[in-house]
Structures are given as structure tokens and as C-alpha cells.
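Visitor: turn this into a model:
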Amino acid sequence: MKNRILLIIPAYNEEANIKKTIDKIVDYNKKSQNQVDFIVINDGSKDSTEEILQKNSINHIRLIHNLGIGGAVQTGYKYAYENNYDIAIQYDGDGQHDVNYVDRLIDPIINDNINMVIGSRFIEKSSSDFQSSFMRRVGINVISFVIKIKTKKKIYDTTSGFRAVDNNIIKLFADYYPTEYPEPISTVNVINRKFKVAEVPVAMNEREGGKSSINSWKTIYYMINVILTILLSKRGNK
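Guide: Numbering: from 1, shown residues only. I've put the predicted structure just below:
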């Protein structure tokens, strides 16, 4: 029996990107053996994202208020858990992620009993031309170092939002998903609970439209707070 796979797509003010993102997923399904469903979480967008979703009958959940990336993604995990999906994949609505890497992400879950697989720009230097800004790469490297100290596990792309998880992690994230610094903190939580985590090389793209809210000062603030949160985290049980 084939695994049921869901793409969780958080979207905030993605009128320039969301239709193109969904079209690429539809094209993927036409040629791939692994068919994926998707759910867009419209996180209180103030532009025409909702109108585009409705006009094109795109499966989505509309959040009245902006919950931020953590709240939006957790909404997707709740949907995945309630609808009995075997694998869930976080997938950006801004065009940065390439749906053709879905097969590579889910393979370790299906064949090697890995619980979470992170799509990484950094484990193979040639895998991705786009590797974020210099300041963000510095932050990623520092956070990676701190995670290694805390968990004894090396994670190269600590802020990657392109991740696949099995049904054990779907349940975990449906119950609790961090609202602050969700990617590195949730990864640490998974490792602390003795689940298996792996990285696979992927390429990522720059945003196809819209504007990122990240700047150098936010990167420094983010890095400091992530490090403090990781250092204060506790080991848990499955």
C-alpha cells in the first residue's frame, strides 16, 4: 500500500507565488510515482492570497489571525494527523523549495526507518547555488555548532524549512510545535526524544516574488535567542 503524503504549505502574503507553487506540485504529480496531497495554510494574509486560493479551488485552511510560521505549520500537522497521513512535508509557498526533491526527502523514511529528513543546502556544497545571505549562513553555522554540543548530532542546515516527517513526528508536532524559531528548536526536540534524523542534499531557490522580512539585525537577534533556547532545552522521551 502506498504511503499517503501531504505537503504543508504555510503562506503569508504570497499572492505573487502561491499559484505558481501549486502548479508545480500538480505537474509533479503527473509524472511522479509518489503522489502528494497538499494543504495551504493561509496565515492571515492581507493581500489577495485568499482570493487566489478560492478562485482556483486550492485546498487550504484560512487563519483569521496571523499566527506566524510556527502556528501555521502546526495547523498543517494537526490536519495531517486528523487525516491519517503517513508522511508530511513542510514546503514553502514562496517558490524557494523544489517539489522534485520530494522523492529524495521521503526515501529515508520509507526505506531506512528515519523519522525526520531535512533538505540541506550544505552537506554537498554543489547541491544548491542559492545558500542564503552571508549573515544567515554565519548564523546557521553557529546554531549547528550549538546543536552538536547539546545533542551530539551534527545538523548542517539548521533553518531549513524543507523537511519530511513520519507519522510519529506528525503526532508529536500536532501536539506541540514551537512558535519561536520553529525549525532548529523542533529539530532539537526530535533528537532529544531519540528519534532518528537525517539530512539529504537539495537545491533551493531565491524567492520568486514578494519580500522577505529577514535582515541582518533580525539574523543576529534570531541567532542569539535560538542558541539560548537550545542550551536550555531538556532531553525527553518518545
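Visitor: can you name the residues in contact with stretch 153-165?
Guide: 69, 87-92, 96-97, 101-102, 105-106, 109, 115-123, 136, 139-140, 143-144, 147-148, 173, 183-184, 187, 191, 197, 199, 202, 204 (CB atoms under 8 Å, 6 or more residues apart in numbering). All C-beta atoms are positioned from the backbone trio N, CA, C, and that covers glycine.
Visitor: pull out the buried residues from the residues you listed.
Guide: Buried by 16 or more other CB atoms under 10 Å: 69, 87-92, 96-97, 101-102, 105-106, 109, 115-123, 136, 139-140, 143-144, 147, 173, 183-184, 187, 191, 197, 199, 202, 204, out of the contacts of stretch 153-165.
Visitor: for residue 147, pull up the helix or strand it's in.
Guide: Assessed by DSSP states H and E, residue 147 sits inside helix 134-151.
Visitor: do you know the pLDDT at the residue most central in space within the chain?
Guide: Most central in the chain under CA atoms, centre = their mean is residue 161, positioned 2.8 Å from the mean C-alpha point. Per-residue pLDDT puts residue 161 at 92.
Visitor: name whatever forms a beta bridge with the closest residue to it other than its chain neighbours.
Guide: The spatially closest residue to residue 161, leaving aside those adjacent along the chain, is residue 90, at 5.3 Å (CB to CB, 6 or more residues apart in numbering). Beta-bridge partners for residue 90, by DSSP bridges, are residue 8, residue 163.
Visitor: what sits closest to residue 174 if chain neighbours are left out?
Guide: residue 81 (4.0 Å).
Visitor: so who does that neighbour touch?
Guide: Counted by CB under 8 Å, 6+ apart, residue 81 has contacts 167, 170, 171, 174.
Visitor: and it, how far is that from residue 98?
Guide: Residue 81 sits 26 Å away from residue 98, going by CB to CB, to the nearest Å.
Visitor: of the contacts of residue 81, closest to residue 24?
Guide: residue 170 (23.6 Å; CB to CB).
Visitor: count of neighbours near that closest one?
Guide: Neighbours of residue 170 under the rule other CB atoms under 10 Å: 25.
Visitor: follow-up on the earlier one: got a pLDDT number for the residue nearest to residue 161?
Guide: 97.
Visitor: just checking, it touches residue 73?
Guide: Yes: Residue 90 is within contact range of residue 73, at 6.0 Å (criterion: CB atoms under 8 Å).
Visitor: what is in contact with those two at once?
Guide: 8, 10.
Visitor: any idea how far residue 38 is from residue 101?
Guide: Distance from residue 101 to residue 38, by CB to CB: 15 Å.
Visitor: can you check residue 81 too?
Guide: Counting by CB to CB - residue 81 and residue 38 are separated by 16 Å.
Visitor: can you check residue 197 too?
Guide: 24 Å.
Visitor: now the phi/psi pair for residue 205, please.
Guide: phi -110, psi 160 (degrees, to the nearest 10).
Visitor: ugh, wrong one, residue 168
Guide: phi -70, psi -40.
Visitor: how many neighbouring residues does residue 223 have?
Guide: Neighbour tally, residue 223, other CB under 10 Å: 22.
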